[in-house]
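Undergrad: sequence unknown, structure follows:
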């Protein structure tokens, strides 16, 4: 009779534990793990004290907290046994391997808590040797002493400063309490409840130039920042641990980070829209439009569709002779850096121009300048905004420029370019059925129009050369001799 062979998965405990040493992201993981243990124990603070003994080259870190203490030293040294209460386990899903980071971080460890103490070389613990538990005086704190650490004091301090930013309890290093500007109990931030956790919305009291960056905390520790992070202009999210999980072993990234960030971004956008809609009911139109950058960053421009002013960021006016390069100063400027009313826009007129002066010439810009039109410089309004009904797109209109009483023609040759000049009394710019006559400013017709310029007799400025080219080399340096 043939016996069926069966196999089952087995684990070599000692080798598995040894391999975990290479699983933690970096050597500083021990700091965040000990901070988490203190928080979970209900401590009011966690204190780190670092000393170094140069003659013996022994760096020692003492971590103390006034939490409930360690109930069982046996569970402390049991891999994948967290020892926490069921409610906390269900909420935060502790892995039960965090204390290993402490064993990998030092040569000798001493733990005292709840009247019990263990003291051993970490290699003995990792080799599964029996470690005696001895009674000791209970002083109301759990103290973990790590002797022979590889980390230096500066690295520990710099790491703790990052970890403490959003931590829910004070973190101290050598007697100094570290700043916690992003913590939920911050004196400066007001958090709201959302389906993903606690959220602070930046830039909704005083308008900010950038509002798209945010940082995310999971169980009080930093876990994500947007790629374009602004340290002084960002939203803050403290995730609900029951909704999001961090990866094993050291929780440095969210599981399915791409999907999690997509969800976080969507909820943040909803919260911002809700707040903006509320603000829209109470603020004057000019004040509300000042939050344009927030609406643009979060695809909420539709909120402006029925507001009777236009944000200054989408309008420009031609304030000087149009040139092809900013080398001479930009001839387009924002109008007064404040919202513009619909009445003013209708009175002045508004146009769109896409011409590249060097190629297409300056005719349309000169036309708009002389007429005093506003220019819709950026297409950053919702497609349903009322402004679109007022915009006159000059690109769709036929442009004709005719000299009046032409007197001479010349060809001027430069090192890098040449230009055909037509001299006249004045010239007329025609756009469809509308015409203006210009006596004092020359116009370049563009390289696509035979590199021709028309110069009326009252213009002796030579500014037209600034429409011909940028006069810059391959390094963007201005070449006066060109």
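TA: Here it is on my side, so go on. Only a predicted model underlies this, so the values are computations on that prediction, with no experimental measurement involved. Numbering: from 1, shown residues only.
Undergrad: flag the shaky bits of the stretch 1-150 of the chain, pLDDT-wise.
TA: Applying pLDDT under 70 to the stretch 1-150 of the chain flags residues 1-2, 10-25, 54-57, 79-98.
Undergrad: please enumerate the helices of it.
TA: For the stretch 1-150 of the chain, applying DSSP state H, counting those that start in this stretch gives helices covering 13-20, 29-40, 73-76, 86-92, 98-105, 122-126.
Undergrad: list the buried residues of the shortest one.
TA: So the one you mean is helix 73-76. Judged by neighbour count using 16 or more other CB atoms under 10 Å, the buried positions of helix 73-76 are 73, 76. Glycine gets a C-beta too; all of them are placed from N, C-alpha and C.
Undergrad: do stretch 42-62 as well
TA: Buried residues in stretch 42-62, counted by 16+ other CB under 10 Å: 43, 45, 46, 47, 48, 50, 59, 60, 61.
Undergrad: next, format the residues you listed as JSON lines and append distance to residue 299.
TA: Conversion of those to JSON lines gives the following (distance: CB to CB, whole Å):
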{"residue": "43", "distance to residue 299": "42"}
{"residue": "45", "distance to residue 299": "42"}
{"residue": "46", "distance to residue 299": "41"}
{"residue": "47", "distance to residue 299": "45"}
{"residue": "48", "distance to residue 299": "43"}
{"residue": "50", "distance to residue 299": "47"}
{"residue": "59", "distance to residue 299": "51"}
{"residue": "60", "distance to residue 299": "53"}
{"residue": "61", "distance to residue 299": "47"}
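Undergrad: out of those, which two sit at the greatest distance?
TA: Maximum pairwise distance in the buried residues of stretch 42-62, criterion CB to CB, is 23.9 Å, between 43 and 59.
Undergrad: next up, the contacts around the residue nearest to residue 390 when sequence neighbours are not counted.
TA: Nearest in space to residue 390, with sequence neighbours left out and distances taken as CB to CB, 6 or more residues apart in numbering, is residue 350 at 5.6 Å. The neighbours of residue 350, taking CB atoms under 8 Å, 6 or more residues apart in numbering as the test, are 315, 373, 374, 375, 376, 387, 390, 391, 392.
Undergrad: can you check residue 421 too?
TA: Going by CB under 8 Å, 6+ apart, the list of residues near residue 421 reads 408, 409, 410, 411, 412, 452, 453, 455.
Undergrad: closest to residue 360 among the residues you listed?
TA: The shortest gap between residue 360 and any of those belongs to residue 452, at 12.5 Å (CB to CB).
Undergrad: flag the least confident of the contacts of residue 421.
TA: Within those, residue 412 has the lowest pLDDT, namely 83.
Undergrad: isn't that one right up against residue 418?
TA: Yes - assessed by CB atoms under 8 Å, residue 412 is found in contact with residue 418 at 6.5 Å.
Undergrad: just put the contacts of residue 421 in TSV and tack on secondary structure.
TA: Formatted as TSV, the contacts of residue 421 follow (DSSP: H, G, I helix; E, B strand; the rest coil):
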residue	secondary structure
408	strand
409	strand
410	strand
411	strand
412	strand
452	strand
453	strand
455	strand
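Undergrad: coming back round to it: distance of the residue nearest to residue 390 relative to residue 75?
TA: Distance, residue 350 to residue 75, by CB to CB, to the nearest Å: 72 Å.
Undergrad: again with residue 127
TA: 19 Å.
Undergrad: what does residue 428 give?
TA: When distance is defined by CB to CB, residue 428 is 92 Å away from residue 75.
Undergrad: where do the strands sit along the stretch 251-400 of the chain?
TA: Under the criterion DSSP state E, counting those that start in this stretch, the stretch 251-400 of the chain contains strands at 309-310, 315-318, 332-333, 340-341, 350-352, 374-376, 391-393, 399-404.
Undergrad: each with direction, which strands does the fourth one pair with?
TA: When pairs are called by DSSP bridges, strand 340-341 turns out to pair with strand 309-310 (antiparallel).
Undergrad: what does the strand it pairs with rub up against?
TA: Against strand 309-310 from outside (CB under 8 Å, 6+ apart): 285, 286, 289, 304, 339, 340, 341, 342, 345, 381, 387.
Undergrad: poorly predicted segments of the stretch 201-350 of the chain, please.
TA: Where the stretch 201-350 of the chain drops to pLDDT under 70, the residues are 250, 325-329.
Undergrad: can you give me the helices for the stretch 251-400 of the chain?
TA: Counting by DSSP H, counting those that start in this stretch, one finds helices in the stretch 251-400 of the chain at the ranges 257-282, 285-289, 292-297, 342-348, 357-360, 363-371.
Undergrad: which helices and strands does the first one pack with?
TA: Spelled out, it's helix 257-282. Packed against helix 257-282 by the contact rule (3 or more CB pairs under 8 Å, 6 or more residues apart in numbering; DSSP states H and E) you find strand 191-194, strand 197-200, strand 214-218, strand 235-239, helix 292-297.
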